[in-house]
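Chemist: Sequence and predicted structure, then a few things I'm wondering about:
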Amino acid sequence: MDFKTFCKRAFLIYECIRDKETSLEEIRSRATYCTTVWDEAPSKAQASRIEVFGTQACELDRQIVELKSSAKEIENILEQLNDPKHKTLLECRYIYNDYWSSIAFKLHLTSDHVRGRMHQQAISELEKILELTS
């Protein structure tokens with residue numbers, strides 16, 4: 001796998017996890033609201049709505065577990081980087097889509113240094129790791 005493919009895959013996996021976790025939170029919130037609003041035993045329609053919420057939540061849980069397994073593979077590759085600042089730079093930029101200035105602030109470095117030389121070093125190191133793992 002090349003660097004660009006790795007980064008696109010990483011971003012999409014983490015974006016999917018975030019989206020599905022948000023959806024799961026919304027479904028659980030709706031289910032909780034529905035059950036607290038009904039004072040009496042729910043009607044058949046209400047009960048079936050709760051059942052749908054439960055089915056959707058289970059499916060989202062399953063998908064999140066699957067995606068987190070893929071995310072673990074990405075983390076394992078990034079863990080192989082020798083410099084922890086390279087790992088932080090690549091995670092922030094390509095997984096969380098942070099701005100260069102934000103990354104530089106986290107690393108206590110200038111934006112120019114992070115965006116320039118350090119970025120190139122991190123890419124080179126990751127490319128070598130990706131070559132060895134494919």
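Modeler: Ah, there it is. Computed from a predicted structure; not experimentally measured. Numbering: from 1, shown residues only.
Chemist: what does the domain assignment say about the protein?
Modeler: The record's domain parsing of the chain by automatic domain parsing lists 1-79, 83-134.
Chemist: Now do the helices in the protein.
Modeler: Assigned helices in the chain, in chain order: 3-37, 44-79, 84-90, 100-107, 111-113, 119-133 (criterion: DSSP state H).
Chemist: Tell me which of these sits most buried.
Modeler: Neighbour counts (mean count of other Cβ atoms under 10 Å) averaged over each of the helices of the chain peak at helix 84-90, with a mean of 19. For glycine as for every other residue, the C-beta is placed from the backbone atoms N, C-alpha and C.
Chemist: Quick one: list the elements packing against it.
Modeler: Counting contacts by 3 or more Cβ pairs under 8 Å, 6 or more residues apart in numbering; DSSP states H and E, helix 84-90 packs against helix 44-79, helix 100-107, helix 119-133.
Chemist: ok, and what's touching the shortest one?
Modeler: The one in question is helix 100-107. Contacts to helix 100-107, defined as Cβ atoms under 8 Å, 6 or more residues apart in numbering, come from residues K85, T88, L89, C92, R93, D98, T110, S111, H113, V114, R115.
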